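In: what's the 3D shape of this:
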Amino acid sequence: MTILVTGATGTVGRHLVGQLVHGGHEVRAMTRDPLRAKLPEGVQVVAGDLTRPETLPAALDGVTAMHLITFGGEGYAPLENAEQVLGLIKKAGVRRVTVLTGFEPGPVEAAAENSGLEWTHLQPVEFMSNMLEWAPSVREDRPVSLPFAHCPSAMVHEADIAAVAAAALLEDGHDGSAYTITGPQSLTPVETARLLSEALGRPLKTIEVGVEEARRELRESGLAEDEVEALVRLGTNPPERARTVLPTVEQVTGRPARTFAQWAAEHVDAFR
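Out: Next up, the predicted model:
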């Protein structure tokens, strides 16, 4: 059984590759630049790009299960050739796919559902790794900007997303499921900063900013206006599922979801 992981050098993909290899499975990792992949020994690293279908047949050869991302190109642009990609996947003999989705299902999810393959959608809420955006300010002992400082999020460890993906790829019983994946706590940015302070052993400087200042910071980060407004809406009026803790990780994997305190302890070097 060969498992193909797309987005193999990404936040979730690296964890998934590592977990599958650790479990003794045959893993093929697809990336645009294999020479820069830096993946574990024993992984078959192949060149491929979901936006260039001609690169896929070689990567798919002999694959029985596949982890699929829903974006391609620069800036996490949505994948526009979803039906063509799923057609190639099915033609290659793949039987099972996991689809890493966003808050709103898109064309890749629909194409997977209509493909005749076994499919499982993975719908994580906020990644704990988003907190790495604070790292430059923390390292330089500058205040961390906290827009929407009291907005709770059931943020999830990226390794737990990968663990749910691995279970869905390796085990029967997940076909047709759409799993919302959360961490074990719903935390505000203020609470998250406190936990990171405890991991670092020193207080973090923070500053709470209003909505207009948040808009300005988001624009200055290079986001388009519609993306800015979408994030402002999410921060000021988050959907219930963004802050609701669910037992998905434990139900699917058999072990509790990792806490933010665990994530912080694992990533202290990024903030020092």
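In: assign Arg255 to helix, strand or coil.
Out: Three-state call for Arg255 (DSSP: H, G, I helix; E, B strand; the rest coil): coil.
In: phi and psi next, for it.
Out: phi -140, psi 160 (degrees, to the nearest 10).
In: break the chain into its domains for me.
Out: Structurally, the chain divides into domains by automatic domain parsing as follows: 2-124, 126-156+183-243+258-272.
In: of all those, which one comes closest to Ala166?
Out: Checking the domains of the chain against Ala166 by Cβ to Cβ gives domain 2-124 as the closest, at 5.1 Å. Any C-beta I mention is one placed from the backbone N, CA and C, and that applies to glycine too.
In: first to last residue in that closest one, what's the distance?
Out: 25 Å (Cα to Cα, to the nearest Å).
In: any chance you could map the strands in the stretch 151-272 of the chain?
Out: Using DSSP state E, counting those that start in this stretch, the strands of the stretch 151-272 of the chain run over 177-181, 206-209.
In: picking that back up, Glu171 is nearest to which of the domains of the chain?
Out: Using Cβ to Cβ, the domains of the chain put domain 2-124 closest to Glu171, at 9.9 Å.
In: any idea how far the closest one is from the chain center?
Out: Averaging C-alpha positions (Cα atoms, centre = their mean, to the nearest Å) puts domain 2-124 13 Å from its chain's average.
In: how about the contacts made by Pro238?
Out: 151-153 (Cβ atoms under 8 Å, 6 or more residues apart in numbering).
In: where in the stretch 101-250 of the chain is pLDDT low?
Out: Across the stretch 101-250 of the chain, nothing is flagged by pLDDT under 70.
In: again, only this time at 80
Out: 103-104 (pLDDT under 80).
In: that one: helices as residue ranges?
Out: For the stretch 101-250 of the chain, the helices defined by DSSP state H, counting those that start in this stretch cover 107-113, 135-139, 158-170, 189-200, 211-220, 225-236, 240-243, 248-253.
In: now these in TSV, with mean neighbour count and distance to Ser145?
Out: Listed next are the helices of the stretch 101-250 of the chain as TSV, based on neighbours: other Cβ atoms under 10 Å; distance: least, Cβ to Cβ, whole Å:
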stretch	mean neighbour count	distance to Ser145
helix 107-113	20	33
helix 135-139	16	8
helix 158-170	24	23
helix 189-200	18	9
helix 211-220	14	6
helix 225-236	14	12
helix 240-243	14	20
helix 248-253	18	30
